[in-house]
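A.B. asks: return atomic coordinates for the entry below.
(one chain, ligands or ions: 1)
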Amino acid sequence: MRRTALVLVVLAGALVLAAAGCGGGEEQVSATETTPSLEGDPVAGKAVYTGASACIGCHALADAGATATVGPNLDDTMPSAALVVDRVTNGQGGMPPFGNTLTEQQIADVAAYISSVAGK
Ligand code: HEC
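C.D. replies: Residues are numbered from 1 along each chain as shown. Coordinates of the predicted model:
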């Protein structure tokens, strides 16, 4: 995945240089600095929700078979993916932060999962 992205960036840079001659330098820099944003995988996210991170122990969510009432019922609040990423990373009030125990990819995954099933 990363390797393919790198090859594409290098190719794009070469094309810019070929097309623009000496003037292409700036565009090449912006192409290599582009950071791909993480895309969450809802299937992997369900495993995060029901796994060791224990979301399931605090938050009701019908799709996960979760009925706990420590934190808000996510079927009711239907949080945006951005809110899930923020809460899971930083915590708030009675919600512990998971920024050090889950990877950014796992957090993106659980956010994608909740967005895809909450309220259903
Ligand atoms: C120890 C219990 C606990 C665990 C474990 C927990 N949460 Fe929470 N969560 C809470 C509490 C309590 C709040 C309310 C915090 C506040 O706003 O004061 C909350 C808030 C949230 C919110 C914001 C809800 C809203 O709409 O305002 C989201 C989203 C969320 N949690 C997702 C998760 C996910 C995903 C996990 C697993 C990675 C998780 N939580 C694990 C207790 C928990």
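
A.B. asks: the ligand contacts on the chain?
C.D. replies: Residues of the chain lying close to the ligand (C-beta under 6 Å from any ligand atom) are 53-55, 57-59, 70-72, 77, 79, 83-84, 87-88, 92-96, 98, 110. All C-beta spots, glycine's among them, are computed from the backbone N, C-alpha and C.

A.B. asks: 8 Å - rerun?
C.D. replies: 48-49, 53-59, 68, 70-72, 74, 77-79, 83-84, 87-88, 91-96, 98, 102, 107, 110-111, 114 (C-beta under 8 Å from any ligand atom).

A.B. asks: buried subset of the residues you listed, written for ChimeraX?
C.D. replies: Selection of the buried residues among these in ChimeraX, burial being defined by 16 or more other C-beta atoms under 10 Å:
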select :48,49,53,55,56,58,59,71,74,79,84,87,88,95,98,102,107,110,111,114
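
A.B. asks: mind checking which of the residues of the chain next to the ligand are in strands?
C.D. replies: Nothing among the residues of the chain next to the ligand maps onto strands, per DSSP state E.

A.B. asks: from the residues of the chain next to the ligand, which ones fall inside helices?
C.D. replies: 48-49, 55-58, 74, 77, 83-84, 87-88, 107, 110-111, 114 (DSSP state H).

A.B. asks: domains in the protein, by residue range?
C.D. replies: 2-33, 42-117 (automatic domain parsing).
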